[in-house]
Each structure stands twice: as C-alpha cells, then as structure tokens.
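Trainee: Return a 3D structure for these sequence lines:
(2 chains)
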Number of protein chains: 2
Amino acid sequence: MKIAVTGKGGVGKTTLAGVLAKLYAEEGYRVLAVDADPDANLAIALEFPRDKLDKIMPLSEMRELIAERTGAQPGLMGQMFTLNPKVEDVPERFCVEHGGVRLLVMGGIKKGGSGCACPEHAFLRAIMRHLLLENKDVLIVDMEAGIEHLGRATADAVDVFIVVVEPGLKSINTYHSIRKLAADIGINQVLVVGNKVKDREDEKFIKSNVEVEKLLGIINYDPRIAEAERDGLSPLFAGEKIRQAVAAIKNKIDKHFG
Amino acid sequence: MKIAVTGKGGVGKTTLAGVLAKLYAEEGYRVLAVDADPDANLAIALEFPRDKLDKIMPLSEMRELIAERTGAQPGLMGQMFTLNPKVEDVPERFCVEHGGVRLLVMGGIKKGGSGCACPEHAFLRAIMRHLLLENKDVLIVDMEAGIEHLGRATADAVDVFIVVVEPGLKSINTYHSIRKLAADIGINQVLVVGNKVKDREDEKFIKSNVEVEKLLGIINYDPRIAEAERDGLSPLFAGEKIRQAVAAIKNKIDKHFG
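Mentor: Residues are numbered from 1 along each chain as shown, chains lettered A, B, ... in the order given. Below is the predicted model:
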C-alpha cells in the first residue's frame, strides 16, 4: 500500500505519518517512510537516535546525482529536464533504517536563489512510481504542506491520500482543494483524519465539514504532544494516547484496503 | 517599506500580515497586501466583506496572462520561460481594495497535474521588484509556508523578512533556515515574532532560541483567535488584544526602519 499524508501546514501530518509507520513496522510490515516536507522532521517522529540522524543524506544534498539523472542544472529555474529519471537504486542506497522503518529524506532548499525544487519533485515522483511493493510492504510519504505538489503530480502513484485537518476552516478548505486536485491526477481515495480536537464543539465542527464515510478518526488535542514538539521529541514521547488513537485509524485503513 | 511575512505552516503568518496591514492603513499609509500563500486567506484576515471577496481574481486564474508575459506554457513542468515578465500594470488592474488596503492574491493550483508554480513565482517576483514605493507606501506579503520560495528568490526585493515562530523546535529550525537562505539572496534584515505563547515556559523557550535583538515581540495564545479561525473569521474578531500586540510589534518595526 502507498499512502501520502497531506494537508495544510501545521496540522500534524508528521505526527500521523510517523506513528502510522511505527505501527505498521511493529506488525511486521516492511515500511518505507519518505519525508517530503522540508519543514518537518519525520526522523524525530520515528524516534531515530542521534547517530542514525547523522547518517541521513537528504536527496536535496545530492543535487549532482539529481542533475545527472534528470539533466537539470542545479541553480536554475525555467529550464528543461527529464520527468522520468532513473531511480531504481535510490531507496536501497540512501535509506537509513530504525525500528523496522526505512527512511528516505527529500530535504529542503540548501541555498537561497538556487532554483525551484522541480527536479527534486520529478525525482521523488519517479521513486514513488517505480517502487514495486509486495503484500506486506507499506510506503508512507509525509508530503510537503499545501497543494503545489498536486500541480506537480508528485504523488500520483499512491493508493490513498490521507488529509489531516484541524478545527479550522482553512485546513478544511485545503482538504477540499486536495480532494479536487487529487481526482485530477487520478487519485479518488482521499480520506481524512481530524487532529487537535479540544472539545465536543471542535469535534462537531470537523464532523459537519467532512463526509462521515471519509473520516478515518479523530486525534484529541494533547498538551504533552505540543510540549514534545516544542522540545524536538517524538509525539510518541507524550504517552500511549496518541498511539491508541493512531492504532484505531490504522485499523480503519486496513479495513478499507483489506 | 517592503515586508515579507514568512515561517513554517500554521504558525500565524496570515494573522500577523493581516493585522499589520490594517494598522498601517489606519495610520494613512498606502498599503498593498499580497497573499502569496495558497493555503491562507489574507482577505478574511483583512475583513473583506463577501461582495469584495467575490471580486478577487487570483493571479493563478490568469494563466493565459502569465503565459503571455512569461512565455511559459500552462500545464508543463521542466520548460523554459522568462524570469523578467512585464508586470507594471498588474497591481492597478487586479487589486481589490478594502479599508485602505489594496489586495493582490496569488491563488493556488487550479488543476492537479497542471504543473509547478514556477511561472507564477517569476511573475510575483517581478511585481515585487518593479513596485516603486513612496515614503508612505507599505508592501506586505504573506508568503507561502516553508522555504521553497527562497530557492526561487521570489521575495528578493523586500527590505525585511519577518519570520513568525511558535513554541516548537520545528518553527525555530525554519527560522534559522530562512535566515541563512535570505542572506544568500541578499536580505540581511530577518526579524522574528513569537506567536501562540501560552505561558512563561513557552516565552522562555522562544527567547532562548531567538537572538534578543531580532525579536520584535510576542503574541500570546488566545483561544478566541483559534475559534475565529475555526469559523472563517478575521483574527480581529477575537478582540482588542491581538490588535494591541501587533501595534507594539509595528512600533518596533517603525523604530527599526525609521
């Protein structure tokens, strides 16, 4: 199964993607997690220890490799490059593994004025398309915030988009944009997780804005997650509740695709 | 003065940009506000009424105009286009005004798979470069979340980046990335606003992670702002506190650049 976790910035995509990846790995799945959000840190959510964090080489630091494979010149914008680079060897060569989860990091912009991330997106798209997954394989991509990746069709090879929303109209609007844009690139499975729900009012808000059959579950607001985030720790540091909430969501995903 | 408000997704860029624009307008400045974040809604923060919201034509719906001016074909990625399109007439032709603030909206991706936003960014960059501001003119841009715009150098003509952070390490890391990348494109004025501060612990966290001379001010967490956001209302709906907090920040900006 190939899952892309997406939504407005700050809603909690990385928390969901990280905990979901851990749960699949604990059940014996081979999990490949891709951190495609330059503003996030999926490795920390996945509880990678310091020595393994140091080993991670983001794709964005391999601009020479990407240039060689796509034909794009690093440092330019508005140029021609191939949309189908050769990538078969990339997951094996560049993943770092921890707790049964293999992690690939896209990385961010390394230098101001160094150009757009189009070649990197073409590269990531090729990786997601060429991965041949077996029955007990799961790919989980923590997508970049917002919707430009949908213009670029970066994730057009996934089976499902999971959109994280919070009790706020902007995140709901982003969900509706994503659903429409996903259909344009042939992805009709778009499901939703409500996060940071503080009270019944918030829950009602989400339920009145998301179709009931699309809603995979609700994660309650937990000040300990905010604290863990503040201190650069995994959300799993905040205790069992988040694990239980995501486990219930995972069950629903499995039913949906089982 | 040309100001770009930037930072991680969800930190409150639109709240700051919107209230700041209102305050400058109330003081008699000619304000041009640019909503460059497809996930935000600066018009709502600026209290635009329904009839004016309906009049807004986002630049992204003018792909033909952008294609004509940049030479880029809508719907493609990895193509050549000019980085210096003609844009002098755009602010006059496409702004909608309310309460003394003229607003220009970039807009989002209209169709999945329709290509990257590179031509639109080249267009916005040209608008920001070619604007000749007089003494009592202010440009405030609500930038897209994250850092890809810094690779594209979209905002390389502004005088100052204001980075909004919240009590969370990720938003602080984004600040440090932005500062470094901004220097690469020649912008050395990078100042910070701390938002969503709940208690002394949060305040200490921000003060220990941001240089004191860079910190323009702190905006306290206010559940009424979260509620206003949930219901699609301006943060100004939440009462006087947010206005007062941003007024104090504005005074510091004026001192800095006066």
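
Trainee: In chain A, which residue sits closest to chain B?
Mentor: residue A:9 (1.1 Å; Cβ to the nearest Cβ). No exception for glycine: its C-beta is placed from N, CA and C like everyone else's.

Trainee: can you count the residues close to the residue nearest to that residue when sequence neighbours are not counted?
Mentor: Nearest residue to residue A:9 in three dimensions, chain neighbours excluded: residue B:9, at 1.1 Å (Cβ to Cβ, 6 or more residues apart in numbering or on different chains). Using other Cβ atoms under 10 Å in any protein chain shown, residue B:9 has 27 other residues around it.

Trainee: secondary structure class for residue B:9?
Mentor: coil (DSSP: H, G, I helix; E, B strand; the rest coil).

Trainee: need the contact list for it.
Mentor: Contact partners of residue B:9, counting by Cβ atoms under 8 Å, 6 or more residues apart in numbering or on different chains, are A:8, A:9, A:10, A:39, A:145, A:146, B:39, B:145, B:146.

Trainee: next one: residue A:184
Mentor: Residue A:184 neighbours (Cβ under 8 Å, 6+ apart): A:150, B:111, B:112, B:113, B:114.

Trainee: Can you tell me which of the residues you listed end up in helices?
Mentor: Residues of the contacts of residue A:184 located in helices (DSSP state H): residue A:150.

Trainee: Which one (most neighbours) among the contacts of residue A:184?
Mentor: residue A:150 leads the contacts of residue A:184 on contacts (other Cβ under 10 Å) with 27 neighbours.

Trainee: partners of the top strand by length along chain A, with directions?
Mentor: Assignment by DSSP state E gives strand A:190-197 as the longest strand of chain A. Applying DSSP bridges, strand A:190-197 is found paired with strand A:160-165 (parallel), strand A:215-220 (parallel).

Trainee: Which one of these lies nearest to residue B:65?
Mentor: Of all the strands paired with strand A:190-197, it is strand A:160-165 that lies closest to residue B:65, at 31.0 Å by Cβ to Cβ.

Trainee: Alpha carbons of the helix or strand just after that closest one, in PDB - could you do that?
Mentor: Following strand A:160-165 in sequence order, the next helix or strand is helix A:169-184 (DSSP states H and E). Output of helix A:169-184 as PDB, limited to C-alpha atoms (Å, rounded to 0.1, in the frame of the first residue of the first chain):
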ATOM      1  CA  LEU A 169     -11.800  26.400   8.200                       C
ATOM      2  CA  LYS A 170      -8.500  26.900   6.400                       C
ATOM      3  CA  SER A 171      -7.500  23.300   6.900                       C
ATOM      4  CA  ILE A 172     -10.900  22.100   5.800                       C
ATOM      5  CA  ASN A 173     -10.600  24.300   2.600                       C
ATOM      6  CA  THR A 174      -7.200  22.700   2.000                       C
ATOM      7  CA  TYR A 175      -8.900  19.300   2.300                       C
ATOM      8  CA  HIS A 176     -11.500  20.200  -0.300                       C
ATOM      9  CA  SER A 177      -8.800  21.600  -2.700                       C
ATOM     10  CA  ILE A 178      -6.700  18.400  -2.200                       C
ATOM     11  CA  ARG A 179      -9.700  16.200  -3.000                       C
ATOM     12  CA  LYS A 180     -10.500  18.000  -6.200                       C
ATOM     13  CA  LEU A 181      -6.800  18.200  -7.300                       C
ATOM     14  CA  ALA A 182      -6.200  14.500  -6.400                       C
ATOM     15  CA  ALA A 183      -9.100  13.500  -8.700                       C
ATOM     16  CA  ASP A 184      -7.400  15.400 -11.500                       C
END
